[in-house]
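# Here is the input, now give the coordinates:
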Amino acid sequence: MRISPATILSSSSGCTTSSAASSGSDPQRLQNSLVTDGYIPEGRALLCRKEWTQLNYGWWTMLELYLTDSSKKETKAARQQARKDLEEENKVLPAKIRQVRGGQ
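Here you go, the predicted structure:
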């Protein structure tokens, strides 16, 4: 059986969780329609990118254990970008939480 990020998303608990992670993977394209159509609450939508970066970085971290040396070289840029994206989201998380809480 092949495991991919899509497999992880489809097996996530609850529609909102998988919708949020999917939205976080491409917020410009997906987030507005998912919020407008009522699939993701507006407050939750602010945290979708964070959820996606955690999932993406976790995927590359777990996958690395099973890669050959040549595959590790081929996927190095993707792993590094996933880590960078997660670190950036960690930096902006406090501001997003304040925004979800209404600026408290």
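# nearest spatial neighbour of K72, skipping sequence neighbours?
E64 (6.5 Å; Cβ to Cβ, 6 or more residues apart in numbering). All C-beta spots, glycine's among them, are computed from the backbone N, C-alpha and C.
# neighbours around the one you found, how many?
E64 has 13 neighbours, counted by other Cβ atoms under 10 Å.
# Give the full set of residues in contact with it.
K72, T75, R79 (Cβ atoms under 8 Å, 6 or more residues apart in numbering).
# Of those residues, which is the most crowded?
R79 (18 neighbours).
# My read is that that residue contacts M62, right?
No: under the criterion of Cβ atoms under 8 Å, R79 is not in contact with M62, lying 11.1 Å apart.
# Show me the strands in the chain, by range?
Remark: strands of the chain are absent; assignment by DSSP state E.
# where in it is pLDDT low?
Within the chain, the stretches with pLDDT under 70 are 1-32, 103-104.
# Much appreciated, bye for now.
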